[in-house]
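Q: just a sequence and a predicted model for now, questions to come.
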Amino acid sequence: MSFLDNLENNLKALENREEKDPEKLKREQEQREADRSAALLRAPHAEALKKSAFTSDLLTQCRVIGHGMRVLVQFTWIGETLRLDAKAKRLELVPTADGIEAQYSVDGVRTGSERIELTGVAEDLARRWLTQD
């Protein structure tokens with residue numbers, strides 16, 4: 001058996017031993033359960049964000065206000081998160097277990113965040129975001 005064959009066999013044996021490590025399997029299982037429970041807590045807020053009239057109105061108001069400022073507002077769904085971009089400004093609406101969080105950033109630097117209600121006035125949020133310095 002050559003040196004490379006021996007080395008390959010040893011590496012495979014180490015990988016198999018890692019895969020069978022009960023502590024590692026237990027940690028992975030706990031992590032999966034934590035991720036699943038967090039997703040279940042976020043789910044109603046994510047669904048509300050996607051289907052609410054507030055979201056539709058926010059997108060419309062951002063386009064209208066942006067048009068008046070001569071700024072193109074682009075929006076993208078990334079999983080459960082709604083991302084709005086206008087030049088260097090970004091607004092992300094992120095569902096959490098407690099509700100919807102608006103995260104503001106400029107040039108990739110987070111400038112603030114706030115919790116929003118989907119029963120509020122979308123135009124106020126759009127104006128605050130697009131006109132902030």
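A: The structure has been received and is ready for your questions.
Q: nearest the geometric middle of the protein, what residue?
A: Thr81 (4.5 Å; CA atoms, centre = their mean).
Q: how close does that residue get to Lys50?
A: Distance, Thr81 to Lys50, by CB to CB, to the nearest Å: 10 Å. Where you see a C-beta, it was placed from the backbone N, CA and C, and this is true even at glycine.
Q: ok, Glu33 next?
A: Taken as CB to CB, the span from Glu33 to Lys50 is 25 Å.
Q: kindly report the same for Leu4.
A: Per CB to CB, Leu4 is found 53 Å from Lys50.
Q: neighbour count for those two, which is higher?
A: Comparing Leu4 with Lys50 by other CB atoms under 10 Å, the one with more neighbours is Lys50, at 12 against 8.
Q: quick one, helices of this structure?
A: 3-19, 22-51, 53-69, 122-131 (DSSP state H).
Q: of those helices, which is nearest Gly112?
A: helix 122-131 (10.1 Å; CB to CB).
Q: now the helices of the chain as TSV including mean pLDDT and distance to Glu101?
A: Converted to TSV, those look like this (pLDDT from 0 to 100; distance: least, CB to CB, whole Å):
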stretch	mean pLDDT	distance to Glu101
helix 3-19	77	37
helix 22-51	90	9
helix 53-69	95	14
helix 122-131	94	12
